[in-house]
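Trainee: A predicted structure for the sequence below; I have some questions about it.
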Amino acid sequence: PTAGGWYWQKSYTKNGQLVETPEEVYYPDVCHDYALEFLRRHAASGSASAQPFYLYYASHIVHGPILRTPDSQPGETDPVALYNDNIAYLDKQVGSLVAEIDKLGLRENTLIIFSTDNGTVGQPSTIGGRKINGVKGTMLEGGSRVPFIANWKGVAPAGRVLKDLVDFSDLLPTFVEVAGAKLPTSMKYDGRSFAPQIRGQKGTPREWVFVQLGSRWYVRDDGWKLNQAGELFDMKDAPFVEELVPADTKAQAAVAARRRLQAVLDQLDPRSGKTISPEAEEAAKN
């Protein structure tokens, strides 16, 4: 019933039916068991007769309130320890999911993507000991720059790291291409398939990504960011530093970047879309 999700509960809803239990159960375990059951239903007779499936698995971990997991030490109350417990438990569940796909003989025919919807709340995360600029709810790198891992045994080269720009609008065309289907031609799509990159090819990476949170937005390419207020940022040291460029700069690279990114915003025209008020936006963050 809340954005915080459910953890230790004595009841939950499954397929529209209320399930009540005499003792508290850990809801992420209930959700995980349901996901495993879904996989087994679609591979009941082995991989040869398995039916194609798409599973969207939105874990409640890691999200506030940060509570104990079944693997936490009895009586543990330290916030840092509990946060680490949640990270470890999510990792354990991802491992369990992958192991089940292996067991069902579907691993080499299954694309697995792991990501998240926003950055960490509270203290900034770090990479290599350096703090990422910003946190959840901000329009800084720490708010929207998140891990994005694609795994496809026998297809995706192991350990390959790309700096290509990717946003969530790219998922639809990627899944359509992987499935061997075609997008309807009656609509315009902002996404671009990264299926070639998954297969180890160069592909055609997108030139920019668009991010919006309520009444704020920006468009970003590999080196620059332009927001709804017309502020231009130099992103050469992102995600750690986002340097505001003076509005009257005559630097050719900055002037060209502003012109290029403004053309994208003019095309997208976010001001004409549906937004929420700054007050409602602030309330939603809390």
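Mentor: Now that the structure is in, tell me what you want to look at.

Trainee: for Gly142, phi and psi?
Mentor: phi -70, psi -10 (degrees, to the nearest 10).

Trainee: how about the nearest residue to it, chain neighbours excluded?
Mentor: Gly134 (3.4 Å; C-beta to C-beta, 6 or more residues apart in numbering). Just so you know, the C-beta spots here come from the backbone N, C-alpha and C atoms, and that holds for glycine as well.

Trainee: how close does the one you found get to Tyr27?
Mentor: According to C-beta to C-beta, to the nearest Å, Gly134 stands 30 Å off from Tyr27.

Trainee: okay, these two: which has more neighbours?
Mentor: The residue with more neighbours, out of Gly134 and Tyr27, is Gly134; 20 against 16, by other C-beta atoms under 10 Å.

Trainee: quick one, helices of the stretch 51-200 of the chain?
Mentor: When assigned using DSSP state H, counting those that start in this stretch, the helices of the stretch 51-200 of the chain occupy the ranges 79-103, 141-144, 171-178, 195-198.

Trainee: flag every buried residue along the first one.
Mentor: Of the residues in helix 79-103, Leu82, Asp85, Asn86, Tyr89, Leu90, Gln93, Val94, Leu97, Val98, Glu100, Ile101 count as buried by neighbour count, 16 or more other C-beta atoms under 10 Å.

Trainee: output the helices of the stretch 51-200 of the chain in CSV; the columns should cover mean pLDDT and distance to Trp152.
Mentor: Formatted as CSV, these follow (pLDDT from 0 to 100; distance: least, C-beta to C-beta, whole Å):
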stretch, mean pLDDT, distance to Trp152
helix 79-103, 96, 11
helix 141-144, 93, 25
helix 171-178, 96, 9
helix 195-198, 97, 6
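
Trainee: who wins for proximity to Asp237 among those?
Mentor: Smallest distance to Asp237 across those (C-beta to C-beta): 10.2 Å, for helix 141-144.

Trainee: what's the closest one in contact with?
Mentor: 118-120, 124-125, 132-137, 211, 213, 238-240, 242 (C-beta atoms under 8 Å, 6 or more residues apart in numbering).

Trainee: next: stretch 77-88.
Mentor: Stretch 77-88 is touched from outside by Ile61, Val62, Ile66, Leu67, Arg68, Thr69, Asp71, Ser72, Gln73, Glu76, with contacts defined as C-beta under 8 Å, 6+ apart.

Trainee: let's go with 10 Å and repeat that
Mentor: Applying C-beta atoms under 10 Å, 6 or more residues apart in numbering, the external contacts of stretch 77-88 come out as 7, 28, 60-73, 76, 120, 122.

Trainee: now swap in stretch 118-137 and tell me
Mentor: Outside stretch 118-137, the residues that touch it by C-beta under 10 Å, 6+ apart are 62-64, 66, 79, 83, 117, 138, 140-146, 213-214, 235, 237-242, 281-282, 284-286.
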